[in-house]
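> Let me see the structure of the following:
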Amino acid sequence: MTHDHRWYALRVRPRAEWMVQANLRNKGYDLLLPTYKSRRRWSDRIKVLEMPLFPGYVFCRFDSRTRLPILMTPGVLFVVGIGKTPHPVEDSEIAALQQVMESGLTCAPHPYLTVGQRVRVEHGSLAGLTGIVTHLKNELRLIISVNLLMRSVSVEIDHAWVEPINETPSRTQFLAKPS
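Below is the predicted model of the structure:
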């Protein structure tokens with residue numbers, strides 16, 4: 001019998017991501033809690049905090065048939081899925097998030113996008129990734145999406161790193177464009 005050890009998104013209580021990660025890691029699970037650095041201003045100082053890229057979510061690899069230990073972990077609300085059936089996150093999306101985290105490049109949460117120019121990163125520490133390109137404050141950014149959560153992450157990239165992907169436009173791209 002083969003085991004279904006896939007990556008799943010866990011919905012957790014607000015601000016419980018770190019606690020859930022620690023508890024599940026102590027139980028021996030593989031976890032991913034992507035983070036970014038956020039500058040916060042107080043009245044007397046500016047502080048840099050490490051914040052979750054996907055607030056309220058932790059990614060965990062496990063066999064979906066034996067999820068009770070996951071659900072019994074304090075702070076875990078449910079496994080994201082369709083109805084009561086857990087739905088795995090695409091391996092390519094998890095790999096892209098891991099690569100972004102390991103790159104050390106500046107990243108931040110970004111609104112989820114469904115329409116835009118798709119590119120492939122050809123050079124640099126993110127080589128091989130595909131995503132949607134956008135501009136933010138005169139910086140070129142690559143958008144990596146987790147479709148199951150309908151959330152995205154943006155990471156700063158160099159213009160010279162990317163090449164457009166030639167795709168035929170989908171019907172939704174034609175419908176989404178203003179006339």
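
> Phi first, then psi, for the nearest residue to residue 90 once chain neighbours are set aside.
Nearest-residue entry for residue 90: residue 147, 7.0 Å, with adjacent residues in sequence omitted and distances by CB to CB, 6 or more residues apart in numbering. (Each C-beta comes from the backbone N, C-alpha and C, glycine too.) Per-residue torsions, residue 147: phi -60, psi -40 (degrees, to the nearest 10).

> quick one: the strands in the protein?
Along the chain, the segments classed as strands by DSSP state E run 5-12, 30-32, 35-41, 46-52, 57-63, 76-79, 81-82, 85-86, 107-110, 118-121, 130-136, 139-146, 151-156, 162-164.

> Which among those strands is found nearest to residue 22?
Closest approach to residue 22 among the strands of the chain (CB to CB): strand 30-32, 9.2 Å.

> I'd like to check what contacts the closest one. Which residues are they?
Strand 30-32 is contacted by residues 7, 21, 24, 25, 58, 59, 60, 61, 94, 97, 98, 101 when judged by CB atoms under 8 Å, 6 or more residues apart in numbering.

> ditto for stretch 94-102
Contacts of stretch 94-102 (CB under 8 Å, 6+ apart): 7, 32, 34-35, 53, 59, 107, 125-126, 128-129, 131, 144, 146, 153, 155.

> Quick one: which of the residues you listed is the most crowded by neighbours?
When neighbours are taken as other CB atoms under 10 Å, the top entry among these is residue 131 (27 neighbours).

> Distance to residue 70 and mean pLDDT for the strands of the chain - can I get that in JSON lines?
Below are these laid out as JSON lines (distance: least, CB to CB, whole Å; pLDDT from 0 to 100):
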{"stretch": "strand 5-12", "distance to residue 70": "7", "mean pLDDT": "96"}
{"stretch": "strand 30-32", "distance to residue 70": "11", "mean pLDDT": "97"}
{"stretch": "strand 35-41", "distance to residue 70": "21", "mean pLDDT": "91"}
{"stretch": "strand 46-52", "distance to residue 70": "18", "mean pLDDT": "93"}
{"stretch": "strand 57-63", "distance to residue 70": "6", "mean pLDDT": "97"}
{"stretch": "strand 76-79", "distance to residue 70": "6", "mean pLDDT": "97"}
{"stretch": "strand 81-82", "distance to residue 70": "12", "mean pLDDT": "92"}
{"stretch": "strand 85-86", "distance to residue 70": "9", "mean pLDDT": "94"}
{"stretch": "strand 107-110", "distance to residue 70": "24", "mean pLDDT": "86"}
{"stretch": "strand 118-121", "distance to residue 70": "33", "mean pLDDT": "82"}
{"stretch": "strand 130-136", "distance to residue 70": "29", "mean pLDDT": "80"}
{"stretch": "strand 139-146", "distance to residue 70": "18", "mean pLDDT": "84"}
{"stretch": "strand 151-156", "distance to residue 70": "20", "mean pLDDT": "89"}
{"stretch": "strand 162-164", "distance to residue 70": "37", "mean pLDDT": "77"}
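
> Cool, thanks, talk later.
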